[in-house]
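Visitor: the sequence and its predicted three-dimensional model are supplied below.
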Amino acid sequence: MSGPNSPFYRALLEPKIGSDFSSVVGYDGSTRQASFSVGLQGTAEEDVEKVKHIISQTIREVIATGFEEERVEALLHKIEIQMKHQSTSFGLSLASYIASCWNHDGDPVELLNIGELVSRFRRCLKEDPRYLQDKVQHYLQDNPHRLTLSMSPDQAYLEKQVLAEQEKLQRKTEALTEGDRKEIYHKGLELLEAQSQAQDASCLPALQVSDIQRTTPTTPVEMGTAGGVAVQYCEQPTNGMLYFRSMCSLNTLPEELKVYVPLFCSVLTQLGCGSLDYRQQAQQMELKTGGMSVSPLVIQDSAHLDMYEQGVLLFSSCLERNVPDMFGLWSDIFNSPHFDDEERLRVLVMMSAQELANGISYSGHMYAMTQTGRSLTPAGGLQETFGGMEQVKFMKRIAEMSDLGPVLRALPRIKKHILNPDNMRCAVNATPQKMSAAAGQLESFMKDVAGNRRSHKTTTPHIIERPVEDSDASRKLVSEVGFLPCQMKTFFPMAFPVNFVSESIRTVPFTHADYASLYILARMMSAKYLHGEIREKGGAYGGGARMGGGLFSFYSYRDPNSVQTLAAFRRGVDWARSGSFSQQDIDEAKLSVFSAVDAPVAPSDKGMGRFLNGMTDEVRQAHRERLFAVSQKELVDVASRYLGVGQQTSAAAILGPENESIKKDPSWIIK
């Protein structure tokens with residue numbers, strides 16, 4: 001299924017019959033009877049039979065021709081990577097992996113013996129070259145137990161849904177007796193009373209704040225250079241894996257190209273490079289690496305609200321034996337990426353646009369929070385450009401373009417600014433035994449891409465170089481001259497029956513003395529007030545508050561209410577300002593905060609706070625001490641000084657169905 005070399009990708013996505021695979025595809029072994037699904041979304045209704053025919057035809061072709069040996073080896077290499085990569089949720093992942101089979105009387109121990117299963121698979125393949133083809137024939141082609149599901153949009157769906165609900169409600173209310181009505185009313189009052197009562201949690205076993213360590217472990221790193229580029233080396237027990245990251249600054253990129261950066265990142269490793277077309281590139285990446293990715297990144301400065309770092313993060317990992325091959329692939333991407341295949345680009349654009357559109361229904365509250373940050377900080381504005389509703393609409397326009405020539409011409413221009421050693425800094429995490437060899441390979445890589453250096457640096461006028469230390473020295477922070485935060489209320493009409501609501505307030509940066517108090521206040525308000533008001537009483541799937549990036553943000557998720565939820569946010573502030581919470585509430589919030597602050601860090605991610613954010617161990621320890629010191633008085637104080645109406649600049653955003661009250665309110669901008 002996955003990747004451009006897979007049969008169904010070639011047969012279904014590349015002909016552009018649909019925009020992407022349907023939401024649930026592939027093998028599902030979580031049920032007693034396992035299933036395999038394949039399908040498309042974004043197809044024309046008249047193409048349904050055509051899609052069914054292609055699926056059947058592809059299965060027949062696989063049975064006839066089989067799978068390429070390199071394809072099988074690439075997937076086995078992926079399993080080896082998964083066995084060696086150490087994540088912080090390793091035990092939980094294993095438990096999740098075996099749970100379904102164990103629940104259905106399978107043998108969990110056999111499932112955990114992955115090495116033996118791989119060896120058995122290799123033996124079966126060696127003894128019978130048609131082993132996989134026979135499995136496809138038995139389980140897919142000759143299997144009579146199949147279901148075909150098609151869904152077509154109805155333009156009047158929402159209206160029909162509202163009408164059906166009204167009719168159903170009317171039938172039920174008409175059937176009620178006077179006694180039924182009184183009973184329902186009294187039960188409603190009882191429920192409201194029960195929801196408003198404070199629960200006694202003293203009987204539950206719990207940690208105490210005194211149980212938390214006062215200091216945090218330090219992470220030693222070494223600073224060096226490779227080809228004149230700053231490099232952070234972090235020796236870790238990575239189990240035979242090497243992890244490489246590079247932050248490439250966007251400071252020299254022209255402003256009109258920034259909206260293209262997320263698209264550039266998503267296609268850079270999927271168009272082909274050097275002597276490899278995109279299929280061969282995908283094959284080599286699967287055979288030699290644990291993945292190669294490029295993503296836009298906006299990092300708020302820890303000390304100044306109006307300063308930030310803008311860049312693109314390159315990430316890859318590999319087994320130690322494949323380090324030269326991994327850097328060889330990066331060299332080809334830097335030196336000779338393929339930006340001339342319009343048909344391939346169109347497939348990737350359609351998939352990317354579809355994924356962004358699908359993401360709104362799953363993460364609408366994140367889009368709402370990103371929108372509120374747009375007018376409050378310079379970093380928030382760029383984050384909206386890279387990952388907010390602005391990017392969703394931009395990609396929709398690109399997907400609808402008949403000629404992608406302008407996009408193809410923009411990509412090389414972006415590449416000159418981003419894939420440029422003058423704008424880079426790097427980080428390597430590896431075992432102590434292999435770090436020296438890794439440094440040598442990185443040096444060779446930098447020599448290979450030295451031709452990408454610009455003959456002279458061009459910087460935009462708003463770049464500010466400020467004195468920094470250690471790994472922070474290569475960070476190039478920017479500040480938008482004359483930026484003024486402004487209040488803004490934005491509504492996005494969506495074809496959803498529920499709302500995603502957010503309100504954000506501009507507060508203080510990470511190193512400010514009040515940040516810790518606001519951080520703990522957000523956790524306490526979420527658990528002790530907003531959860532009850534927004535979820536239990538309001539009926540939303542979820543809601544709360546969070547502190548980050550200099551913004552104190554409220555949010556609700558899949559919410560039947562909209563402006564009523566904004567009023568609930570305000571009541572939450574009044575609750576905090578009144579000090580209507582106990583020391584136990586504060587302690588529980590601190591425990592919740594420290595569970596995140598002290599969350600285990602995988603060897604692959606050690607030192608990343610320092611590399612990406614300039615967050616030294618000393619800065620982290622100072623923040624930790626401020627968290628311990630937060631008191632009730634300070635929580636009431638910051639709630640009054642920052643969160644009260646008119647105290648600081650705020651912004652609101654709602655994604656949801658048509659709303660008459662918002663239409664009549666001129667203070668809202670309707671997109």
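Guide: Nice, I can see it.
Visitor: make sure Ala639 is indeed in a helix.
Guide: Yes - using DSSP: H, G, I helix; E, B strand; the rest coil, the secondary structure at Ala639 is a helix.
Visitor: now it, nearest residue through space, not along the chain?
Guide: Among residues not flanking Ala639 along the chain, Ala576 sits closest, at 3.8 Å (C-beta to C-beta, 6 or more residues apart in numbering). For the C-beta atoms, the positions are set from N, CA and C on the backbone; glycine is no exception.
Visitor: same question for the host helix or strand of the one you found: list its buried residues.
Guide: Assessed by DSSP states H and E, Ala576 sits inside helix 563-578. For helix 563-578, the buried set under the neighbour-count rule, 16 or more other C-beta atoms under 10 Å, comprises Val563, Gln564, Thr565, Leu566, Ala568, Phe569, Gly572, Val573, Trp575, Ala576, Arg577.
Visitor: quick one: which of the residues you listed is nearest to His623?
Guide: Within those, distances to His623 taken as C-beta to C-beta reach their minimum at Ala576, with 21.2 Å.
Visitor: does the residue nearest to Ala639 touch Leu521 like I think?
Guide: Yes - at 6.1 Å, Ala576 and Leu521 qualify as touching, with contact defined as C-beta atoms under 8 Å.
Visitor: one step back: next helix or strand past the helix holding Ala576?
Guide: Scanning forward in sequence from helix 563-578 by DSSP H and E, the next helix or strand is helix 583-597.
Visitor: now do whichever helix or strand comes after that next one: which elements does it pack against?
Guide: Reading on from helix 583-597 to the C-terminus, the next helix or strand found by DSSP H and E is helix 608-613. Counting by 3 or more C-beta pairs under 8 Å, 6 or more residues apart in numbering; DSSP states H and E, the packing neighbours recorded for helix 608-613 are strand 241-249, strand 292-300, strand 424-430.
Visitor: can you tell me what sits against the following helix or strand past helix 608-613?
Guide: Of the helices and strands lying after helix 608-613 in sequence (DSSP H and E), the nearest is helix 617-629. Taking contacts as C-beta atoms under 8 Å, 6 or more residues apart in numbering, the residues outside helix 617-629 that touch it are 209, 212, 214-216, 218-219, 302, 510-511, 513, 515-517, 519-520, 590, 593-594, 597, 609-610.
Visitor: okay, now the unreliable bits of this structure?
Guide: Confidence mapping of the chain against pLDDT under 70 gives the ranges 454-473.
Visitor: the lengthiest helix in it: how far from the chain's middle?
Guide: Identified as the longest helix of the chain according to DSSP state H is helix 342-373. Using C-alpha atoms, centre = their mean, to the nearest Å, we find the averaged C-alpha position of helix 342-373 to lie 11 Å away from the chain's own average C-alpha position.
Visitor: and whichever helix or strand comes after it, what does it pack against?
Guide: Beyond helix 342-373 on the C-terminal side, the first helix or strand identified by DSSP H and E is helix 378-387. With contacts defined as 3+ C-beta pairs under 8 Å, 6+ apart, helix 378-387 has these neighbours: helix 261-268, strand 292-300, strand 307-319, helix 342-373, helix 389-399.
Visitor: could you list the buried residues of whichever helix or strand comes after the third one?
Guide: Helices and strands here follow DSSP H and E; after strand 307-319, the next one along the chain is helix 323-335. By neighbour count, and taking 16+ other C-beta under 10 Å as the criterion, the buried residues in helix 323-335 are Val323, Asp325, Met326, Phe327, Gly328, Leu329, Trp330, Ser331, Asp332, Ile333, Phe334.
Visitor: could you give the angle of the host helix or strand of Met524 to helix 617-629?
Guide: Following DSSP H and E, one finds Met524 within helix 515-525. Relative orientation of helix 515-525 and helix 617-629, computed by axes from the mean of the first three to the mean of the last three C-alpha atoms, to 10 degrees: 50 degrees.
Visitor: residues in contact with Pro432?
Guide: For Pro432, the set of contacting residues under the criterion of C-beta under 8 Å, 6+ apart consists of Glu235.
Visitor: quick one: neighbours of the closest residue to Gln281 other than its chain neighbours, just the number.
Guide: Closest residue to Gln281 in three dimensions, ignoring its sequence neighbours and counting by C-beta to C-beta, 6+ apart: Gly272, at 5.1 Å. Residue crowding around Gly272 was assessed by other C-beta atoms under 10 Å; the count is 23.
Visitor: tell me who's in contact with Gly272.
Guide: By C-beta under 8 Å, 6+ apart, the contact set of Gly272 is Tyr278, Arg279, Gln280, Gln281, Pro337, His338, Asp341, Arg344.
Visitor: the residues you listed: which two are farthest apart?
Guide: Using C-beta to C-beta, the contacts of Gly272 reach their maximum pairwise distance at Arg279 and Pro337, which is 15.3 Å.
Visitor: which one's more surrounded, those two?
Guide: Set side by side, Arg279 and Pro337 give different neighbour counts by other C-beta under 10 Å, the larger being at Pro337 (21 against 15).
Visitor: excluding sequence neighbours, find me the nearest residue to that one.
Guide: Setting aside the residues directly before and after it, Pro337 is nearest to Cys273 in space (C-beta to C-beta, 6+ apart), at 5.0 Å.
Visitor: what does Ser196 give?
Guide: The shortest distance from Ser196 to any non-neighbouring residue, by C-beta to C-beta, 6+ apart, is to Gly532 (7.9 Å).
Visitor: look up which residues are beta-bridged to Val229.
Guide: With DSSP bridges applied, the residues forming beta bridges to Val229 are Ala226.
Visitor: wait, it touches Asn423, no?
Guide: No - with contact defined as C-beta under 8 Å, Val229 does not count as touching Asn423 (9.4 Å).
Visitor: which one of the two has more residues nearby?
Guide: Set side by side, Val229 and Asn423 give different neighbour counts by other C-beta under 10 Å, the larger being at Asn423 (25 against 21).
Visitor: contact partners for that one?
Guide: Going by C-beta under 8 Å, 6+ apart, the list of residues near Asn423 reads Cys248, Ser249, Leu250, Asn251, Thr252, Gly311, His417, Lys476.
Visitor: if we go to 10 Å?
Guide: With C-beta atoms under 10 Å, 6 or more residues apart in numbering as the criterion, the residues that contact Asn423 are 229, 246-253, 311-312, 417, 452-454, 457, 474, 476.
Visitor: what's the answer for Ile586, then?
Guide: Taking C-beta under 10 Å, 6+ apart as the contact definition, Ile586 lies against Val209, Ile520, Leu521, Arg523, Met524, Lys528, Val630, Ser631, Gln632, Glu634, Leu635.
Visitor: how close does it sit to Ile299?
Guide: In this view, Ile586 and Ile299 are 30 Å apart by C-beta to C-beta, to the nearest Å.
Visitor: can you check Ala602 too?
Guide: Following C-beta to C-beta, the distance that separates Ala602 from Ile299 is 20 Å.
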